[in-house]
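Chemist: any chance you can model this:
(2 chains)
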Amino acid sequence: MTTVTFIEADGTRHEVQARNGRSLMQAAVQNAVPGIDADCGGKCLCATCHVILDADWYARLGGPGPDEAEMLNPTPERTSTSRLSCQIEVSDALEGLVVQLPAFQM
Amino acid sequence: MLDSANRLRMIDVDPYGIPLEKIDVSQADLYEHDAHWGFFERLRREDPVHYCRDGDFGSFWSVTKFDDIAHVEKNHQIFSSEPTITISEPQEEVPFQSFIQMDPPKHDAQRAAVQPVVAPTNLTKLEPIIRERAGKILDELPEGETFDLVDRVSVELTCQMLATLFDFPFEQRRKLAYWSDIATGGPELAGSDFVTEEERTRGLGECVQAFSELWHQRVKGPPGNDLISMLAHSEKTRDMLATPMEFLGNLILLIVGGNDTTRNSITGGVLALNENPAEYDKLRRDPALIPNMVSEIIRWQTPVSSMSRRVRQDTQLRGKHIRKGDKVVMWYVSGNRDDEVIADPMRFRIDRENARHHLSFGFGIHRCMGNRLAEMQLRIVWEEILRRFHAVEVVGPAVRNRSNMIRGYRSLPVRVHRAH
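Modeler: A predicted model of the protein is given here:
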């Protein structure tokens, strides 16, 4: 299990234990973190699991692949360090990860 | 539509009583009679990627399972939205160009120009306006008298919202519904029967003219929050008037997208709650279920029953060999009843888990841009209905429209009973 923190747009923090091998999105959904909708169930087809990383974590995890980028592009609060959390796999390397949730999902 | 005179009519047969290859789920009257369920149940079970060689709209593949539909949505390089996303071939008389019928990169730029009209901040501004209008419409409904919900509430509310989005003259708002209906309701397009091709062409010509005039007004002024102003001022789209078919196409897309889909979900929700009275009781006891119910209504109604793609290169799906040039139809109305993905899908349950996991908005780069606006309208309508009425009671049969693409209602007789 890996500790990750989701911060809602209003500042509310949710520290959860995420399962290695599952996606960051699943960690949010399984822990009832508000602000992640995951309408497509994790297939990179709806962009409603959008999260915003800080520069360090973004550099460490890498940017979105082409399929992910094309879905991220139109999201309302896209930043240069945005990712879709269904495409981030949880592992020990994510220990201490903190992500910001946008105010809205697409 | 091809000559159907000698073709077997699905509404006359038992879905399990004919050979698989004779099944044609593109027949529009199937949906008018709400008689498509058994055919899709059989296809999902026996031939989920099904080829129809000689249907009302020619040859086509039907994709009937949730995950297969998602696969088609994802692989837009193979399954193209050009030249059209309708099951019928592009109409010479009114060749729309809109980004729903484009692939990247052209699709991306056009959608990006238009998407701000439904930006979350804009929706937040729209909410009180929609609530006030919904309240007024509902307050003016007669008690103790049967009326048509479609006309008095569903059409009226969505037209008012749409007129606001476009900053269209309020007193002419019903034209938006008319243009939306003829745009999607031609006999050649989806098998509909309420308008001739001539009427359709004339009506859409009038639509282009009306919006061109508004464009000329708006382009002179400062950029506003309405859709026409956004299109007229955005760098990516300000020349759109020079390609009138593109202009008309994008307008029609937004009118249609925002019109009968929301309208039919309002009507469909009332019908579903009446057909499932235990769910209506659940709702009255716990109005906090409204947001979840809205998703379930959208799944249940599946207001866009199908979307089509044209195949760009040979490909495989579930062991079927699909050839370049073939037509592939994604049947959202079937995928939304796929019991391998959705538990107990033939039941309408307003407190269903994972209610947002449905196909009604599509998936992938073309996913419905107005989805949050639709959800917001439905949520507000139900909040305001519950404040005022103990029941919106269906008192007669629903009349459904005849289309293999838009799943909705022409009328629904109801009576309202006020809360005490």
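
Chemist: okay, now residue B:180: neighbour count?
Modeler: Around residue B:180 there are 26 other residues, counting by other C-beta atoms under 10 Å in any protein chain shown. Using the backbone N, CA and C atoms, a C-beta is placed for each residue, glycine as well.

Chemist: quick one: the closest residue to it other than its chain neighbours and chain A, what's the gap?
Modeler: Nearest non-adjacent residue to residue B:180, counting by C-beta to C-beta, 6 or more residues apart in numbering or on different chains: residue B:259, 4.0 Å away. From residue B:259 over to chain A the distance is 21 Å, taken as C-beta to the nearest C-beta, to the nearest Å.

Chemist: the bottom helix or strand of chain B by mean pLDDT?
Modeler: None of the helices or strands of chain B scores lower by mean pLDDT, DSSP states H and E than helix B:187-190, at a mean of 54.

Chemist: check which element follows it along the chain.
Modeler: helix B:197-220 (DSSP states H and E).

Chemist: helix or strand right after that following helix?
Modeler: Assignment by DSSP H and E places the next element after helix B:197-220 at helix B:227-233.

Chemist: so is that next one next to chain A?
Modeler: No: contact of helix B:227-233 with chain A (C-beta under 8 Å from any C-beta of the partner chain) is absent, the minimum separation being 14.6 Å.

Chemist: contact partners of that helix?
Modeler: Residues outside helix B:227-233 that contact it (C-beta atoms under 8 Å, 6 or more residues apart in numbering or on different chains) are B:113-114, B:116-117, B:165-167, B:211, B:214-215, B:218-219, B:221, B:223-224, B:237-238, B:240, B:250, B:254.

Chemist: and if you look at stretch B:172-188?
Modeler: By C-beta under 8 Å, 6+ apart, stretch B:172-188 touches B:1, B:88, B:91, B:96, B:155, B:158-160, B:162-163, B:166, B:168, B:190, B:192-197, B:199-200, B:203-204, B:206-207, B:210, B:252, B:255-256, B:259-260, B:263, B:401, B:403, B:405-406.

Chemist: quick check: closest non-adjacent residue to residue B:148.
Modeler: In space, residue B:148 is closest to residue B:411, 4.8 Å off (C-beta to C-beta, 6+ apart).

Chemist: for the one you found, the count of nearby residues, please.
Modeler: 18.

Chemist: for residue A:51, same thing?
Modeler: 23.

Chemist: ok, it - contacts?
Modeler: A:6, A:24, A:36, A:82-85, A:88, A:99-102.

Chemist: check the closest residue to chain A within the stretch 201-350 of chain B and give its pLDDT.
Modeler: Nearest to chain A in the stretch 201-350 of chain B, going by C-beta to the nearest C-beta, is residue B:341, at a distance of 8.2 Å. Residue B:341 is assigned 98 on the pLDDT scale.

Chemist: next: residue A:18.
Modeler: Looking at residue A:18, the pLDDT reads 97.

Chemist: not counting sequence-adjacent ones, nearest residue to it?
Modeler: Per C-beta to C-beta, 6+ apart, closest to residue A:18 is residue A:27, 3.5 Å.

Chemist: which strands and helices lie in contact with the helix or strand that contains the one you found?
Modeler: Using DSSP H and E, residue A:27 sits in helix A:24-30. Applying 3 or more C-beta pairs under 8 Å, 6 or more residues apart in numbering or on different chains; DSSP states H and E, one finds that helix A:24-30 contacts strand A:2-7, strand A:13-18.

Chemist: give me whichever of these is most buried.
Modeler: strand A:2-7 (a mean of 19; mean count of other C-beta atoms under 10 Å in any protein chain shown).

Chemist: can you give me the strands for the chain?
Modeler: Looking at chain A here, since you left the chain open. A:2-7, A:13-18, A:50-52, A:82-84, A:97-100 (DSSP state E).

Chemist: actually, chain B is the one I wanted.
Modeler: B:49-55, B:58-63, B:79-80, B:147-148, B:306-311, B:315-317, B:320-322, B:327-331, B:389-394, B:399-400, B:409-411, B:413-418.

Chemist: quick check: mean pLDDT of the fourth one?
Modeler: Confidence for strand B:147-148, expressed as mean pLDDT, is 98.

Chemist: what lines up beside it in the sheet?
Modeler: Next to strand B:147-148 in the sheet, as set by DSSP bridges, lie strand B:413-418 (antiparallel).

Chemist: got the buried residues for the partner strand?
Modeler: By 16 or more other C-beta atoms under 10 Å in any protein chain shown, the buried positions in strand B:413-418 come out as B:413-416.

Chemist: what's in contact with it?
Modeler: B:141-149, B:270, B:388-397.

Chemist: that strand: how far from the chain's middle?
Modeler: 26 Å (C-alpha atoms, centre = their mean, to the nearest Å).

Chemist: pick out the residue in the stretch 301-420 of chain B sitting closest to chain A.
Modeler: For the stretch 301-420 of chain B, C-beta to the nearest C-beta, closest residue to chain A: residue B:363, 3.8 Å.

Chemist: so what's the closest residue to that residue other than its chain neighbours up against?
Modeler: Closest residue to residue B:363 apart from its sequence neighbours, by C-beta to C-beta, 6+ apart: residue A:45 at 3.8 Å. By C-beta under 8 Å, 6+ apart, residue A:45 lies in contact with A:71, B:70, B:73-74, B:363-364, B:367.
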